[in-house]
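> quick one, fold the following:
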Amino acid sequence: MPTCDTLIHNVQIFDGSGNEPQHGAVAIADGRIQDVADLNDYSGAETLDGRGYALAPGFLDVHTHDDLYVIHEPEMLPKLSQGVTTVIVGNCGISAAPVRLSRELPDPMNLLGEANAFRYPTFAEYALAITAARPTVNVAALVGHTALRNNHMDRLDRAATATEIAAMQKILCKGHD
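Next up, the predicted model:
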C-alpha cells in the first residue's frame, strides 16, 4: 500500500488546464504532490476529508512590489489567503537589489520601503536574504532599471552615458560590482 504524509480525499480538483474539476484525492509527501486520482489504496499519516472544498494549483501574482515584504513578512498571509503561491518582484523598474544608496531613496523605489531596508548591494545578497527568510511563497525576481541607474548615475532625469550603461550591464551580467 503506497503511503504519504497527507492524503486529502473527497475533494474537487482543478488541475489548471481549464477542464471541468474532477472528484478525487491528492497524496502529498515531503511537501510535494505525489499523486492525484482515485487513491483508495493510499494510506496517509494525516488524512483530511475535502468534501465541500476545491484544490487548485497555486496562482502567480506577476505584478507585485513584495521585494522586501517577502523578507520582512515571510508568512505572506495576504498572498496565501488568496491562493497565490508565487510572486514576481522587481516590477515597474524598481527592485530591492542591487542597490547602493549614496543619496536619498529615489522615486519610485520608495514604494518598496524605507531607505534603511535597502541592504542588498548585490543580487546574490538579496537572494541569500530571501533564502534565509524562507517565505511561504515562491519568489521570482527581476532587476529594476531604476535600481541599476541609481547605482551609477548622479541624476535619474537624464539619459545614461555609454560608461554608465556599461557599468549597469556589468552588474546585471555578473550580479555584483
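> ramachandran angles for residue 125?
phi -70, psi -40 (degrees, to the nearest 10).
> apart from its neighbours in sequence, what residue is nearest it?
Here the nearest residue to residue 125 in space, its sequence neighbours aside, is residue 97; by C-beta to C-beta, 6 or more residues apart in numbering that works out to 6.7 Å. C-beta coordinates here come from the backbone N, C-alpha and C atoms, glycine included.
> using PDB, write out the CA atom coordinates for the longest helix along the chain.
Among the segments of the chain that qualify as a helix by DSSP state H, the longest is helix 162-174. Extracted in PDB, the C-alpha atoms of helix 162-174 (Å, rounded to 0.1, in the frame of the first residue of the first chain):
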ATOM      1  CA  ALA A 162      27.900  54.900 -22.500                       C
ATOM      2  CA  THR A 163      30.200  54.500 -19.500                       C
ATOM      3  CA  GLU A 164      27.200  54.400 -17.100                       C
ATOM      4  CA  ILE A 165      25.400  51.900 -19.300                       C
ATOM      5  CA  ALA A 166      28.500  49.600 -19.400                       C
ATOM      6  CA  ALA A 167      28.700  49.700 -15.600                       C
ATOM      7  CA  MET A 168      25.000  48.800 -15.300                       C
ATOM      8  CA  GLN A 169      25.400  46.000 -17.800                       C
ATOM      9  CA  LYS A 170      28.400  44.700 -15.800                       C
ATOM     10  CA  ILE A 171      26.300  44.500 -12.600                       C
ATOM     11  CA  LEU A 172      23.400  43.000 -14.400                       C
ATOM     12  CA  CYS A 173      25.500  40.300 -16.100                       C
ATOM     13  CA  LYS A 174      27.800  39.400 -13.100                       C
END
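> need the contact partners of it.
Helix 162-174 has contacts (C-beta atoms under 8 Å, 6 or more residues apart in numbering) with 98, 143, 145, 148, 149, 151, 152, 153, 160, 177.
> which positions within that helix qualify as buried?
When burial is assessed from 16 or more other C-beta atoms under 10 Å, helix 162-174 yields the following buried residues: 164, 167, 168, 171.
> ok, back up a step: for the contacts of helix 162-174, pick the one with the most neighbours.
For the contacts of helix 162-174, the largest number of neighbours (other C-beta atoms under 10 Å) sits with residue 98, at 25 neighbours.
> where does the residue nearest the centre of the chain sit: helix, strand or coil?
Among the residues of the chain, the one closest to the centroid is residue 139, at 1.9 Å (C-alpha atoms, centre = their mean). Recorded secondary structure, residue 139: strand (DSSP: H, G, I helix; E, B strand; the rest coil).
> and the pLDDT for it?
At residue 139, the model reports a pLDDT of 97.
> what separates it from residue 115, distance-wise?
Plainly put, residue 139 is 22 Å away from residue 115 if you go by C-beta to C-beta, to the nearest Å.
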